[in-house]
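Student: Kindly return the folded structure for what I paste below:
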Amino acid sequence: MTLDISSAPIASDTTDHAPPDTAAAPPVRPAFLLRDLAASLVVFLVAVPFSLGIALATGAPLTSGLVAAAVGGLVVGLLGGTPLQVSGPSAALTVIVAGLIAQFGWQVTCAVTVVAGLLQLLLGSLKVARAALAVSPAVVHGMLAGVGLSIAIAQLHVVLGGSPQSSALANLLALPGQLSVPHLPALAVGAVAVAVLCGWPRLGRLPGTAGRVGSALARVPAALVAVAAGTGLSIGLGLSLARVELPAWAEHDLASAPSLAVFVQHWPVLLTAVLTVTAVASVESLLSAVAVDRMTHSSGDLNRELRGQGAANLLSGLLGGLPVAGGAVRSTANIRAGAATRRSAALHGLWVALAALTLVGGLRRIPLAALAALVLVVGIQMVSFAHIRRVHRHREFPVYLTTVLGVVLLGVPLGVLLGGSVAALLALYRLTRAHVDVSEESDGSYLVRTHGPLTFAAVPRLSRALALIPAGARVTVAHDGSFLDHAAYEQVHTWRVGHQAGGGRVAVLTERHDDEVLDPDGTVRAGSSPGPHRCRAWTPWGGHHCIEQSHEDPHGRLLDGVRGFQQHTAPLVRHELARLAREGQTPSQLFLTCADSRLVTSMITHSGPGDLFTVRNIGNLVPAPYEPGAADDSVAAAVQYAVEVLEVRSITICGHSGCGAMKALLDGVHERPGPPTPLARWLRNGRGSLARLKRAPAEFAGRPVIDLAEQLCITNVVQQLDQLLANPAVERRVNAGTLRLVGMYFDFATAQAYVLDRERGRFVSVSEEEHDERPVAA
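Tutor: Numbers count the residues shown, from 1 in each chain. Take a look at the predicted model:
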């Protein structure tokens with residue numbers, strides 16, 4: 001279980017995607033109802049064995065897992081703020097709940113769940129859900145990995161026919177003895193279940209007909225097949241094994257609630273437990289909700305989601321269920337099964353409740369070793385190598401490792417506290433550490449680049465770097481605009497005065513966000529700014545909030561931007577631009593995209609001068625040769641020049657969400673009676689896309705399309721790639737294997753790019769986890 005883990009039509013070019021469901025009840029549409037029904041059955045088949053396995057791992061009555069799944073599905077499904085998220089018993093809380101049951105018993109644990117639910121309701125009402133997302137991802141993923149390792153080690157004892165100890169460390173120490181005397185029937189059932197869990201999803205990768213059959217079979221959840229296989233093996237061979245015990249509901253009777261004396265006597269420990277359950281369940285649910293929103297390109301209400309989770313935990317605790325949290329495993333299964341509204345999650349909860357009441361006889365035949373094997377695999381999967389690589393790239397692996405070891409050796413609360421402390425110390429270290437680089441330019445001048453905040457702690461490093469510069473040299477000091485305290489300013493100022501006194505020249509380039517700015521000539525201007533806004537050049541654009549666009553002369557704002565470039569950016573890129581002026585352009589790619597002002601090619605491709613040969617037009621269209629009344633030689637000329645003269649190695653056609661040209665095609669602008677306008681004539685180049693939309697519309701691999709306009713946007717990319725191949729120069733290079741054609745789509749609402757996978761015939765998202773994948777050549 002990992003956290004890495006439909007819509008209203010777009011009304012205008014600037015409208016964001018609406019969520020697939022709003023606060024009101026979703027509309028009853030037969031197509032949506034059928035999709036929700038099918039998805040709910042898939043999630044139900046995933047949830048039943050998973051819920052029983054989590055209950056087994058905690059030492060709680062196995063019925064409690066089904067109660068949590070049913071309540072989570074029904075309550076959060078109907079009340080939550082992320083319609084397609086599915087909630088149920090949480091694997092991340094397994095270690096915490098197991099410790100509570102071992103120390104205080106099941107009834108006290110249920111009371112802790114009730115109080116945690118009340119606290120979640122309070123936090124959701126106070127609208128602080130966003131604050132939960134401030135936790136370092138390295139701490140969150142480290143906690144999940146530590147919990148996963150603890151679960152896996154404990155359940156390995158059950159698979160071997162033994163019983164888990166009270167802590168992960170004790171389980172590790174007892175493991176050699178358990179391995180020396182395994183219970184062979186339990187081990188055989190567990191091995192079969194693990195083999196099915198690992199091999200079942202890979203059936204679709206078999207070649208030929210076997211692969212097609214395997215793909216069909218793989219739609220059945222692997223967890224269900226694994227538990228069924230283990231159960232069938234144990235019954236078929238008549239193995240004597242411990243099996244599921246579903247206690248009578250008397251064990252959940254509220255009349256047997258613990259006495260108040262228990263809470264008074266142990267209130268510090270129980271308060272810590274309540275806060276821990278609240279924090280872990282809330283963070284897991286909210287992070288999962290954010291992941292679901294990204295997958296569905298929607299925008300949920302996190303505060304409402306937190307209130308829904310609180311109501312579910314309150315009811316689950318009262319009914320004798322495990323703590324509830326949103327889960328990426330169930331939610332991903334729900335989305336991939338085609339769920340359209342929140343009804344799918346609620347229906348899944350209804351099916352779980354019916355199964356708990358009517359399938360008791362069948363559930364009691366399941367051997368515990370099969371459930372333990374399921375939870376063991378889930379625990380191992382919680383240690384995500386994708387998360388480890390990402391954490392390592394962001395230089396936060398010490399935080400991750402500390403949290404993992406802390407959770408395994410000390411428990412979840414102390415492990416998270418230890419990991420959070422290391423994260424805070426690491427952040428403090430980075431906030432006070434600056435980099436100073438000195439390089440000699442080709443013209444004999446020196447460039448001093450400073451990165452990060454220049455504080456008193458960086459003065460010795462800054463002083464040593466400046467001392468390396470020979471007297472009399474021309475120097476440019478480029479500060480990245482981060483914090484500059486008084487001590488660092490005095491150091492730069494004193495050195496500049498001394499260097500200029502020795503015959504040198506110094507230009508200090510910086511832009512402060514306070515009242516003091518250094519000019520390139522070294523003078524200090526109070527409260528100065530190069531223009532009407534203070535967005536620093538060549539940094540991520542923060543949005544329109546820093547410019548009063550409605551009260552400002554656009555031409556004046558443009559000139560202010562040019563002045564800012566000349567003052568701040570030109571000295572930094574002049575050397576590279578001079579090289580390009582001498583050597584000429586040698587771009588490796590032709591990038592053909594729409595003229596939409598929201599699509600900034602250099603930003604979404606992380607490219608700079610000389611990287612892309614760019615062609616932009618309305619609708620990113622490639623006029624087909626010999627198209628009557630719609631041909632245009634400008635695009636063909638640019639393509640020919642790029643392919644034959646510049647010899648680019650790839651051509652990318654990039655569409656985008658909310659494209660006005662695609663909406664105009666759907667509205668029939670190009671077919672209106674009367675003399676055609678230039679726009680109408682141009683849009684006729686998109687008639688092939690409309691025809692393809694009817695016979696073979698394009699799709700996404702990981703999510704449904706938002707509406708017909710979005711489907712036309714991605715279908716248009718595929719069609720324009722085909723029309724591009726009609727260019728003889730392109731066709732020759734593609735056939736020779738020296739040119740690659742790439743289809744791309746960019747969604748503004750989520751800042752997410754997709755590339756066309758020709759083998760799958762679908763658009764797949766470009767993410768950090770998939771950074772090693774490459775789009776397939778046309």
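
Student: ok, Glu644 to Ser442 distance?
Tutor: 33 Å (CB to CB, to the nearest Å). From N, CA and C alone the C-beta is placed, and that goes for glycine too.

Student: Let me see the ranges of the helices in the stretch 251-400 of the chain.
Tutor: 260-265, 267-296, 302-318, 328-336, 343-358, 360-363, 368-381, 385-393, 397-410 (DSSP state H, counting those that start in this stretch).

Student: so can I have JSON lines of those helices showing distance to Val635 and mean pLDDT?
Tutor: Below are the helices of the stretch 251-400 of the chain laid out as JSON lines (distance: least, CB to CB, whole Å; pLDDT from 0 to 100):
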{"stretch": "helix 260-265", "distance to Val635": "75", "mean pLDDT": "74"}
{"stretch": "helix 267-296", "distance to Val635": "34", "mean pLDDT": "85"}
{"stretch": "helix 302-318", "distance to Val635": "45", "mean pLDDT": "93"}
{"stretch": "helix 328-336", "distance to Val635": "38", "mean pLDDT": "77"}
{"stretch": "helix 343-358", "distance to Val635": "45", "mean pLDDT": "89"}
{"stretch": "helix 360-363", "distance to Val635": "64", "mean pLDDT": "77"}
{"stretch": "helix 368-381", "distance to Val635": "48", "mean pLDDT": "83"}
{"stretch": "helix 385-393", "distance to Val635": "39", "mean pLDDT": "86"}
{"stretch": "helix 397-410", "distance to Val635": "48", "mean pLDDT": "90"}
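
Student: how about those helices, which one is nearest Arg35?
Tutor: Nearest of the helices of the stretch 251-400 of the chain to Arg35, taken as CB to CB: helix 343-358 at 7.6 Å.

Student: what does the closest one rub up against?
Tutor: Among residues not part of helix 343-358, those counted as contacts by CB atoms under 8 Å, 6 or more residues apart in numbering are 26, 32-33, 35-37, 39-41, 43-44, 47-48, 51, 63, 66-67, 69-78, 80, 83-87, 246, 330, 334, 337, 339, 363.

Student: follow-up on the earlier one: now for the helices of the stretch 251-400 of the chain, which one comes closest to Thr569?
Tutor: Per CB to CB, nearest to Thr569 of the helices of the stretch 251-400 of the chain: helix 385-393, 27.3 Å.

Student: where does the stretch 601-750 of the chain have low pLDDT?
Tutor: The stretch 601-750 of the chain contains residues with pLDDT under 70 at 625-631.

Student: So Gln155 sits against Gly379, correct?
Tutor: Yes: the pair Gln155 and Gly379 passes the contact test of CB atoms under 8 Å, sitting 6.7 Å apart.

Student: if we can go back for a sec, let's have the helices of the stretch 251-400 of the chain in TSV, adding mean neighbour count and distance to Val128.
Tutor: Converted to TSV, the helices of the stretch 251-400 of the chain look like this (neighbours: other CB atoms under 10 Å; distance: least, CB to CB, whole Å):
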stretch	mean neighbour count	distance to Val128
helix 260-265	11	26
helix 267-296	22	10
helix 302-318	26	8
helix 328-336	23	23
helix 343-358	21	24
helix 360-363	13	40
helix 368-381	26	30
helix 385-393	16	26
helix 397-410	22	23
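
Student: Next, count neighbours for the closest residue to Ala372 other than its chain neighbours.
Tutor: Leaving aside its sequence neighbours, Ala372 sits nearest to Val158 (CB to CB, 6 or more residues apart in numbering; 3.6 Å). With neighbours defined by other CB atoms under 10 Å, the count for Val158 comes to 25.

Student: how close does Val158 get to Val194?
Tutor: Separation of Val158 from Val194 (CB to CB): 12 Å.

Student: any idea which helix or strand carries the closest residue to Ser442 other than its chain neighbours?
Tutor: Closest residue in space to Ser442, ignoring its immediate chain neighbours: His575 at 7.1 Å, by CB to CB, 6+ apart. For His575, the element it lies in under DSSP states H and E is helix 570-583.

Student: returning to that earlier point: do I have it right that the residue nearest to Ser442 meets Glu440?
Tutor: No: taking CB under 8 Å as the definition, His575 is not a contact partner of Glu440, at 11.8 Å.

Student: outside of the helix or strand where Ser64 lies, which residues touch it?
Tutor: Assigned by DSSP H and E, Ser64 belongs to helix 62-71. For helix 62-71, the external contacting residues (CB under 8 Å, 6+ apart) are 47-48, 50-56, 88-89, 106, 244-247, 249, 251-252, 312, 315-316, 319-324, 349-350, 352-353, 355-356.

Student: Now the buried members of these.
Tutor: Buried members of the contacts of helix 62-71, scored by 16 or more other CB atoms under 10 Å, are 47-48, 50-56, 88-89, 106, 244, 246, 252, 312, 315-316, 319-324, 349-350, 352-353, 355-356.

Student: if we can go back for a sec, after the helix holding His575, next one along is what?
Tutor: On the C-terminal side of helix 570-583, the closest following helix or strand by DSSP H and E is strand 589-594.

Student: Could you list every helix and strand in contact with that following strand?
Tutor: helix 601-605, strand 612-617, helix 633-640, strand 650-656 (3 or more CB pairs under 8 Å, 6 or more residues apart in numbering; DSSP states H and E).

Student: mind listing what's buried in the second one?
Tutor: Buried residues in strand 612-617, counted by 16+ other CB under 10 Å: Leu612, Phe613, Thr614, Val615, Asn617.

Student: beta partners of the second one?
Tutor: For Phe613, the beta-bridge partners under DSSP bridges are Leu590.

Student: re earlier: who are the packing partners of the helix holding His575?
Tutor: For helix 570-583, the packing partners by 3+ CB pairs under 8 Å, 6+ apart are strand 474-479, strand 505-509.

Student: now what about the longest one, what contacts it?
Tutor: Meaning strand 474-479. 444-450, 454, 469, 492, 496, 499, 504-510, 571-572.

Student: Write the ChimeraX selection for whichever of these are buried.
Tutor: Those of the contacts of strand 474-479 that count as buried under 16+ other CB under 10 Å are selected in ChimeraX with:
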select :445,446,447,448,449,450,454,469,492,496,499,504,506,507,508,509,510
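
Student: May I have the strands that pair with the strand or helix carrying Leu447, each with its orientation?
Tutor: Using DSSP H and E, Leu447 maps to strand 446-451. Applying DSSP bridges to the sheet, strand 446-451 is found paired with strand 435-440 (antiparallel), strand 474-479 (parallel).
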